[in-house]
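Chemist: based on what follows, work out the 3D shape:
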Amino acid sequence: MALAARNGGMARRDGIFPTFFLSGFECSTFLWKDQGRRDLCEETQHRSHADEDYRMLRSLGIAAAREGIAWPLVDKGGGAYDFSSIDPFLEAQRRHSILPIWDLCHYGYPDDADPFGEDFAPRFAAYARAAARYVADRAHHGPLCFTPTNEPTFFGYMAGEWAWAAPFGRDRETRRRLTLALAAADIAAVKAIREDFPDARMIHIDPLIWVVPPRDRPDLAEAAHRESYDDAYLAWDAISGRRFPELGGSPETIDILGFNNYSFGQMEYREHGPHAPLEPGDERIRPLCDLIEEGWKPFGRPCIVAETSGLEGGRPDWLNDVVAESLAAVNRGVDLQGVCLFPAVDMPDWGTGKWVHNGIADVERLPSGALMRVPYVPYVEALHRWQKRLNRVTQLDEDPFDTAVDLEDIVRAARELAPAADKDWN
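Modeler: Model (predicted):
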């Protein structure tokens with residue numbers, strides 16, 4: 001949504017989403033290494049605070065949000081599903097006019113499913129079709145938007161090589177097999193959904209990463225390069241049909257690219273286990289603008305920054321850097337449709353359980369046990385400054401869907417500001 005028309009006679013170029021800034025809610029349902037099945041929506045109390053959480057987005061001028069459907073929890077086996085757990089989200093979305101982007105597999109699959117089994121992709125496709133029908137019957141506004149498998153490449157790492165989550169693999173080959181199995185399931189789900197809803201949009205999301213060898217290990221340069229330029233794009237290459245054509249991918253299947261960007265995405269290679277994040281000021285850090293452009297070019301599809309957030313008091317500066325880098329990418333011709341501030345509400349660290357302080361709102365536990373939402377004011381103020389600079393509203397009006405984002409506003413701001421790509425962005 002725009003504040004007011006100011007295109008100086010230039011033709012509008014409608015974007016995909018009703019607002020340029022998006023948000024979302026942590027919704028992982030992995031089978032965690034030492035804790036069993038996790039449900040982050042419960043851990044953040046998002047289900048019980050759904051109305052409050054969506055009302056906050058409306059007050060911030062955000063009309064699109066990533067939301068999860070917990071496949072392991074709704075799939076009862078034998079083709080039976082219970083989607084009642086998402087009813088609070090649907091009701092809140094309708095009440096506050098927020099467009100959902102539904103994650104159908106956010107790191108979790110049913111206990112009795114085998115990601116390497118022949119029935120995994122068909123089972124996921126059947127569930128995806130049922131989920132799409134359920135939300136379509138209750139949706140307040142189109143288009144229907146889905147992320148079939150969230151971060152399939154990163155899922156491959158965390159669950160296929162690092163053994164953080166099921167299926168608890170511990171080697172590169174299992175990691176690649178898992179990523180390709182998830183990509184195959186994703187492709188099957190897209191086809192199943194589009195049999196019923198041919199206009200549904202798909203946002204395929206993975207992290208932007210950059211891996212460098214240790215300074216004293218030039219022998220690891222080839223392995224680091226492979227992770228940056230081959231493994232990082234494994235799922236997208238499969239889903240888009242650029243590689244592994246036997247899986248049935250295509251450019252239309254991948255549809256919209258989602259780039260997740262966090263400071264720990266730029267790393268120094270380690271032969272065993274997760275790589276080591278580069279420290280701020282490391283001369284090997286690359287500008288985010290460069291990573292966005294490199295991620296976008298091979299596919300040429302519309303894209304968003306699908307997750308990004310700073311930590312604690314650094315959140316406003318992080319937002320400023322990310323938006324400036326994103327606008328620099330627009331000046332290079334990247335078809336950028338939005339930036340998603342994720343999460344909207346703080347989340348616990350997966351391993352330690354400590355609150356990360358990366359949300360638009362922090363949480364405070366009341367004596368009753370309820371988690372009170374407390375917006376982090378400097379972050380909100382930084383968001384509003386950018387909304388005004390990009391000719392966007394700072395709170396939603398009665399009908400946020402009457403006009404989509406005019407991307408000419410974004411292009412014009414990018415040209416006027418002319419931000420330089422800056423490797424010190426983190």
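Chemist: so how far is A166 from G108?
Modeler: 8 Å (CB to CB, to the nearest Å). Quick note: C-beta positions are derived from backbone N, CA and C, even for glycine.
Chemist: compare the two and say which is more crowded by neighbours.
Modeler: Set side by side, G108 and A166 show more neighbours around G108, with 27 against 19, by other CB atoms under 10 Å.
Chemist: all strands for the stretch 51-200 of the chain, in order.
Modeler: For the stretch 51-200 of the chain, applying DSSP state E, counting those that start in this stretch gives strands covering 64-68, 75-77, 80-81, 99-103, 145-147.
Chemist: what does the stretch 251-400 of the chain give?
Modeler: For the stretch 251-400 of the chain, strands defined by DSSP E, counting those that start in this stretch occupy the ranges 256-261, 266-268, 276-277, 303-308, 336-341, 361-365, 371-375.
Chemist: what angle do the fourth one and strand 64-68 make?
Modeler: Read it as strand 303-308. Relative orientation of strand 303-308 versus strand 64-68 (axes from the mean of the first three to the mean of the last three CA atoms, to 10 degrees): 60 degrees.
Chemist: other SSEs contacting strand 303-308?
Modeler: Strand 303-308 sits against strand 201-207, strand 256-261, helix 288-296, helix 315-331, strand 336-341, with contacts defined as 3 or more CB pairs under 8 Å, 6 or more residues apart in numbering; DSSP states H and E.
Chemist: what's the answer for the first one, then?
Modeler: Counting contacts by 3+ CB pairs under 8 Å, 6+ apart, strand 256-261 is packed against strand 201-207, helix 288-296, strand 303-308.
Chemist: and with 6 Å instead?
Modeler: With contacts taken as 3 or more CB pairs under 6 Å, 6 or more residues apart in numbering; DSSP states H and E, strand 256-261 sits against strand 201-207, strand 303-308.
Chemist: may I have the secondary structure class of D422?
Modeler: Under the three-state scheme (DSSP: H, G, I helix; E, B strand; the rest coil), D422 adopts coil.
Chemist: which parts of the stretch 151-300 of the chain are helices?
Modeler: Taking DSSP state H, counting those that start in this stretch to define them, one finds helices in the stretch 151-300 of the chain at 152-160, 172-196, 221-229, 234-240, 251-254, 288-296.
Chemist: can you list the residues that contact the fifth one?
Modeler: Read it as helix 251-254. Residues outside helix 251-254 that contact it (CB atoms under 6 Å, 6 or more residues apart in numbering): I187, V190, H204, I239, S240.
Chemist: what about the fourth one, neighbour count?
Modeler: Right, the one you point to is I239. Using other CB under 10 Å, I239 is surrounded by 32 other residues.
Chemist: kindly reformat the strands of the stretch 251-400 of the chain as a markdown table containing mean neighbour count, distance to D422 and mean pLDDT.
Modeler: Converted to a markdown table, the strands of the stretch 251-400 of the chain look like this (neighbours: other CB atoms under 10 Å; distance: least, CB to CB, whole Å; pLDDT from 0 to 100):
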| stretch | mean neighbour count | distance to D422 | mean pLDDT |
| --- | --- | --- | --- |
| strand 256-261 | 25 | 14 | 98 |
| strand 266-268 | 21 | 13 | 97 |
| strand 276-277 | 14 | 18 | 97 |
| strand 303-308 | 26 | 15 | 98 |
| strand 336-341 | 26 | 17 | 98 |
| strand 361-365 | 17 | 28 | 98 |
| strand 371-375 | 17 | 28 | 98 |
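Chemist: thank you, goodbye.
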